[in-house]
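Trainee: here is a sequence together with a model predicted from it:
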Amino acid sequence: MDKSYDIFQPPAAEALPTERRDSDVTVTSSTSVTGRVSLQRRERAISSTETEISLGDLDFPVEASNAVTVSDHDSSDREDGRILLAPRSPTSFKLTSIPGRLPTVGEVLKKVRNIGSSPGSKSYSTSLDMSASGGAMSGSGDKVVDVLADTHSMNLSDIRKHTLIVLEFHSLTYTVKQKKSARKAKNIMSGVPGLGQNSASVNPTQSPAPSTSSRVRLLDQISGEARDGEILAVMGPSGSGKSTLIDALAQRIVPESLAGSITLNGEQVSNSLLKSISAYVMQDDLLFPMLTVEETLMFAAEVRLPSSSHNTERKKERVGQLLLQLGLHRVAHTIIGDEGHRGVSGGERRRVSIGIDIIHDPLLLFLDEPTSGLDSTSAYLVIKTLQKIAQTGSIVILSIHQPSYRILGLLDRLIILAFGQKIYGGPPSGLNSFYAAFGRPVPEHENSTEHALDLIQELHSSPTGIKPLVEFSKVWRDGNDEAECGLKPLVGGVDVRGAINASIARGKLVATRGYNDQEGGCDVMVDLAKLDSASSMVVKFANPLWREVPVLTWRSLINISRTPELFLMRLGTVMVTGFLLATVFWGLDHSPKGVQERLGFFAFAMSTTYYTCADALPVFLQERYIFMRETAHNAYRKSSYVLAHALIYIPFLAILSLAFSITIWWAVGLAGGGSGFGFFFLITWASFWAGNSFVTLLSAVMPNVMLGYTIVVALLAYFLLLSGFFIARDRIPKYWIWFHYLSIIKYPFEAVLINEFDRDGSCFQRGSEILYGTPLAEVQDPALINGMLGFLRGALANTSYAKLNPETCVLTGHDILVSREIIQLSKWVNLGITFSFGVFFRTLFYIVLRMSGKNRRH
């Protein structure tokens, strides 16, 4: 049965050590630690002015304020006796560093905590749960630290495996240029009585800015730190700068716009290295709706885990572990779903979003409002999952609007922002004392975070704004610096490279070159001495390009197979168009009228192949933000996506081309036989390819579908106008001739004309039809026509028409091509140019993605 004792302030007494006869660990305690101490063996704790942890020959003295209880337990109580420590003012810890020592207090405490689960550990332990302000084990919940007596086998080598990783940021300031419309509105509001003082200035802690100001400060001198094994939450009202701070820490803001410093273990970290060791989960759940949960995570494993160290079985094993960790194993085979397809719940979708970004077990995890739009239970489960992730050795940093009481108990550190200003920084358990010291204590039975947001809103509506709270916060931080920041990290020679190496050794960062799958199945660490920098320890991409492309193609195939109605609808559209053309131009003859009809048929047929490609416009627009999320942290190369995006269309475009060609070729009566049909199929296929690539390029440039459709239709109309069908090349004005050569419809149009007309023996007008195209075309009297031909034979006696008669061919297919100046390029060259247009547009598509896919604020 547990026994609880209240802390009292004993008179000054000589410090007596807590004795552990079977261990080399000696703890002398004097702290006023707020929390609960569970004693499972006989110990004595008394008042002192110093806490000392002795590990063999390593001593780490920690100074602390306040006093603790002296409690003796009988041997009969040693299994379940407990000391309940009464809450007092925040405890300030000061860590005395030891020169030349690599391990930190954090390392020692982590080792002491973890050794309890190792083989051979003793059954008895002391569990210490501390809620001291920012301590190494600080937190608002019941954090249990197992202290075992059996620590004599610990050495420096073991301690280094538990390197403490600290992300520190100092004086972060981010300003943006204010739009003119916003400044105009601000000036108008400043002239309205009662509104100007609070509404005119973005930062109410300062006087209203002049109307000529063009800069707005979204972050103002924000400092803090985050540690591995902990959750740092950034809280505040809407527009306070929460997401901006998360973006700044994740280096999603260009360095030129962000002032201040961000360091990892005291070192500046490059953007490329941060991408490799971190993950960023956006606020929206950007997932493919037709993939199942398991398929979604398996895709992430395929691209984020290196094939050199993870075969298919190991990737499946990792996915299975993640499904259990995230609580998704029951919905593993359920599709994600969307508005039209029922799938997983909102909380499960959010956990899937987290899962695909932690598949490679990153050191840092950034999340933008992961509980947004979720009910209380789902939000709690998400944060509980993040706590488990943090406990594996990751740094978890998230923004949250208003955490519930249960969620607050899972957070280790909390930063409250208001209008870009830092209001509070420290453990959630310190909120009560902070607001009590400010003179606005948290009312009984009220959530401290609700009180914080209500107070910010109340002060914002007052004449002075939040300036008093900001000023008090600065004084509070100056007087409680150690309490807010917790135990200062003793990096002591453990740089980023060493920290990453230690993390890899304990199973983090699986997508690194630190793992090499050997024949024996074991993983071997890379020798640090052979590496030049921390960046060389992690690869930019886990897999080569030739491995990424098949995986991306496989995902696209699954999406297409789960929505067959989309392709079938497009196939039906193409076949209906072909049927319409076949019935309208059925059985064209070889008369002069047949020539004009053929020209119209080919112009419409080739332009149709481009217009029907407009349905590809929404594809990338729907995938754009998924693509940006996946490539933001180097899940795969942008070039791999472009190649896979192109390859997946080629066979489907071939099916459309074959269906279209079969529908119209024999029905219209086109010439050329089997070889002519084969070329017509190829040029149609190339036209579909060029049109699809053109529309894909526009989808990367256009912001929405409606604008994209407008631009596509307009440009294709311009291409058709200057393709050479409506006006011959020699009749196009010189100032528009350049657009004629840029027309993507010109080349397939000329290719099919050559394929149709450039044939030996082809004749489309004979002597008996010599009056075609004149007002006398309706004259059918053979005698009159023979008389006219006789007159022409005499006039053309010295030409090839000297023997002109009613059966003489006066217009061959070659003559038609010459009359339209389609003699510069062969049909195969036109085919190559049409195909090259598709390659060119895909290359531009890649360039646009490279330029616009950085996903960083300016």
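Mentor: That came through, no problem. Numbers count the residues shown, from 1 in each chain.

Trainee: what's the local residue count around residue 236?
Mentor: Per other Cβ atoms under 10 Å, the neighbour tally for residue 236 reads 27. No exception for glycine: its C-beta is placed from N, CA and C like everyone else's.

Trainee: ok, now the one 3 residues further on?
Mentor: As a burial measure, the neighbour count of residue 239 was computed by other Cβ under 10 Å and equals 14.

Trainee: which residue sits closest to it, ignoring its sequence neighbours?
Mentor: Setting aside the residues directly before and after it, residue 239 is nearest to residue 419 in space (Cβ to Cβ, 6 or more residues apart in numbering), at 7.4 Å.

Trainee: give me the pLDDT for that neighbour.
Mentor: According to the per-residue confidence, residue 419 scores 89 in pLDDT.

Trainee: can you get me a residue count around it?
Mentor: If you count neighbours by other Cβ under 10 Å, residue 419 ends up with 24.

Trainee: show me where the stretch 151-300 of the chain has its strands.
Mentor: Secondary structure of the stretch 151-300 of the chain by DSSP state E, counting those that start in this stretch: the strands cover 166-177, 215-227, 231-235, 258-264, 267-268, 278-281.

Trainee: quick one, which of those strands is nearest to residue 382?
Mentor: strand 278-281 (10.2 Å; Cβ to Cβ).

Trainee: tell me which strands the closest one pairs with, and in which orientation.
Mentor: Using DSSP bridges, the neighbouring strands of strand 278-281 in the sheet come out as strand 364-367 (parallel).

Trainee: if we can go back for a sec, which stretch among the strands of the stretch 151-300 of the chain comes nearest residue 407?
Mentor: So among the strands of the stretch 151-300 of the chain, strand 231-235 is nearest, using Cβ to Cβ, at 8.5 Å.

Trainee: quick check: residue 551 touching residue 303?
Mentor: Yes. With contacts defined as Cβ atoms under 8 Å, residue 551 counts as touching residue 303 at a distance of 5.7 Å.

Trainee: what do those two both touch?
Mentor: 543, 636 (Cβ atoms under 8 Å, 6 or more residues apart in numbering).

Trainee: so the closest residue to residue 365 other than its chain neighbours, which of the three states?
Mentor: Residue nearest to residue 365 in three dimensions, not counting chain neighbours: residue 396, with 4.9 Å by Cβ to Cβ, 6+ apart. Secondary structure, DSSP: H, G, I helix; E, B strand; the rest coil: residue 396 is strand.

Trainee: next one: residue 548 from residue 304, what distance?
Mentor: Between residue 548 and residue 304 the computed distance is 11 Å (Cβ to Cβ, to the nearest Å).

Trainee: kindly apply the preceding question to residue 500 instead.
Mentor: In this view, residue 500 and residue 304 are 17 Å apart by Cβ to Cβ.

Trainee: isn't residue 789 right up against residue 770?
Mentor: Yes. Proximity of residue 789 to residue 770 meets the contact threshold set by Cβ under 8 Å, at 7.0 Å.

Trainee: looking at these two, which one has more neighbours?
Mentor: With neighbours defined as other Cβ under 10 Å, residue 789 and residue 770 compare such that residue 770 has more, 21 against 18.

Trainee: higher neighbour count, residue 548 and residue 304?
Mentor: More crowded of residue 548 and residue 304, by other Cβ under 10 Å: residue 304, with 28 against 22.

Trainee: residue 427 and residue 408 touch, don't they?
Mentor: No. In this structure, residue 427 sits apart from residue 408 without contact. The criterion is Cβ under 8 Å, and the distance is 10.2 Å.

Trainee: distance check, residue 226 against residue 632.
Mentor: The span separating residue 226 from residue 632 equals 20 Å under the rule Cβ to Cβ.

Trainee: then residue 675?
Mentor: With distances taken as Cβ to Cβ, residue 675 is found 50 Å from residue 632.

Trainee: which of those two has more neighbours?
Mentor: Taking other Cβ under 10 Å, residue 675 and residue 632 do not tie; residue 632 has more neighbours (19 against 9).

Trainee: just checking, the more buried one touches residue 278?
Mentor: No. Between residue 632 and residue 278 there is no contact under Cβ under 8 Å: 10.1 Å.

Trainee: in terms of secondary structure, what does the longest helix along the chain contact?
Mentor: Secondary structure assigned by DSSP state H gives helix 673-701 as the longest helix of the chain. With contacts taken as 3 or more Cβ pairs under 8 Å, 6 or more residues apart in numbering; DSSP states H and E, helix 673-701 sits against helix 592-611, helix 617-632, helix 649-668, helix 705-721, helix 746-757, helix 827-852.

Trainee: for that helix, buried residues please.
Mentor: 676-677, 679-700 (16 or more other Cβ atoms under 10 Å).

Trainee: now residue 326: closest residue in space, sequence neighbours ignored.
Mentor: If you skip the residues right next to it in sequence, residue 326 has residue 351 as its closest partner in space, 4.6 Å away by Cβ to Cβ, 6+ apart.

Trainee: that neighbour contacts residue 328, doesn't it?
Mentor: Yes. In this structure, residue 351 sits in contact with residue 328. The criterion is Cβ under 8 Å, and the distance is 6.0 Å.

Trainee: okay, those two: which has more neighbours?
Mentor: Set side by side, residue 351 and residue 328 show more neighbours around residue 351, with 26 against 21, by other Cβ under 10 Å.

Trainee: export only the CA atoms of stretch 542-556, formatted as PDB.
Mentor: Provided in PDB are the C-alpha atoms of stretch 542-556 (Å, rounded to 0.1, in the frame of the first residue of the first chain):
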ATOM      1  CA  ALA A 542      18.000   6.800 -49.800                       C
ATOM      2  CA  ASN A 543      17.800   5.100 -53.200                       C
ATOM      3  CA  PRO A 544      19.100   5.600 -56.700                       C
ATOM      4  CA  LEU A 545      17.000   7.000 -59.500                       C
ATOM      5  CA  TRP A 546      16.500   3.600 -61.200                       C
ATOM      6  CA  ARG A 547      14.900   2.300 -58.000                       C
ATOM      7  CA  GLU A 548      12.700   5.300 -57.400                       C
ATOM      8  CA  VAL A 549      11.100   5.400 -60.900                       C
ATOM      9  CA  PRO A 550       9.500   1.900 -60.700                       C
ATOM     10  CA  VAL A 551       8.200   2.600 -57.200                       C
ATOM     11  CA  LEU A 552       6.500   5.900 -58.300                       C
ATOM     12  CA  THR A 553       5.200   4.100 -61.400                       C
ATOM     13  CA  TRP A 554       3.800   1.300 -59.300                       C
ATOM     14  CA  ARG A 555       1.900   3.800 -57.100                       C
ATOM     15  CA  SER A 556       0.400   5.500 -60.100                       C
END
